[in-house]
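In: give me the fold of what follows.
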Amino acid sequence: MAKLNTVSVVAMYGGIINEMVSFTDNEEGNREAEEEFIRYIKENVCEDMNDESEDDLLEEGYFDYGDKSVYLVHSTK
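Out: Numbers count the residues shown, from 1 in each chain. The predicted structure is shown next:
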């Protein structure tokens, strides 16, 4: 079985996957995934993020807001 060395941004609404974008799990791909994670949250989930800093979000790897969730996921198998 082949390995999937990817990092993905997964957006869920009401527990259902709404969107998923994947990048190669390397330095460039991780940077792109982190940028997409923050962009997606700001544009689609919560425009006012005064209570959470970008660094905190990246450290946690997820963001929940009502019935919306966004995850930053590494897949290695």
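
In: ranges for the strands of this protein?
Out: 6-13, 16-24, 62-65, 68-75 (DSSP state E).

In: from these, which stretch is densest packed?
Out: Highest mean neighbour count of these: strand 6-13, a mean of 19 (counted as mean count of other Cβ atoms under 10 Å). The C-beta positions use only the backbone N, C-alpha and C, and glycine is treated the same way.

In: what strands flank that one, and is each parallel or antiparallel?
Out: strand 16-24 (antiparallel), strand 68-75 (antiparallel) (DSSP bridges).

In: could those be laid out in a markdown table, adding mean pLDDT and distance to residue 54?
Out: What follows is those, written out as a markdown table (pLDDT from 0 to 100; distance: least, Cβ to Cβ, whole Å):
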| stretch | mean pLDDT | distance to residue 54 |
| --- | --- | --- |
| strand 16-24 | 96 | 18 |
| strand 68-75 | 93 | 12 |
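
In: closest to residue 41 out of those?
Out: strand 68-75 (5.4 Å; Cβ to Cβ).

In: ok, and what's touching that closest one?
Out: 4-13, 22, 25, 33-34, 37, 40-41, 44-45, 58, 61-63 (Cβ atoms under 8 Å, 6 or more residues apart in numbering).

In: swap in stretch 40-57?
Out: 9, 11, 19, 37-38, 63, 65, 68, 70.

In: now distance to residue 53 too, for the strands paired with strand 6-13, in TSV please.
Out: Output for the strands paired with strand 6-13, formatted as TSV (distance: least, Cβ to Cβ, whole Å):
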stretch	distance to residue 53
strand 16-24	22
strand 68-75	15
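
In: got a list of what residue 24 touches?
Out: 5-7.

In: and it, how far from residue 74?
Out: According to Cβ to Cβ, to the nearest Å, residue 24 stands 11 Å off from residue 74.
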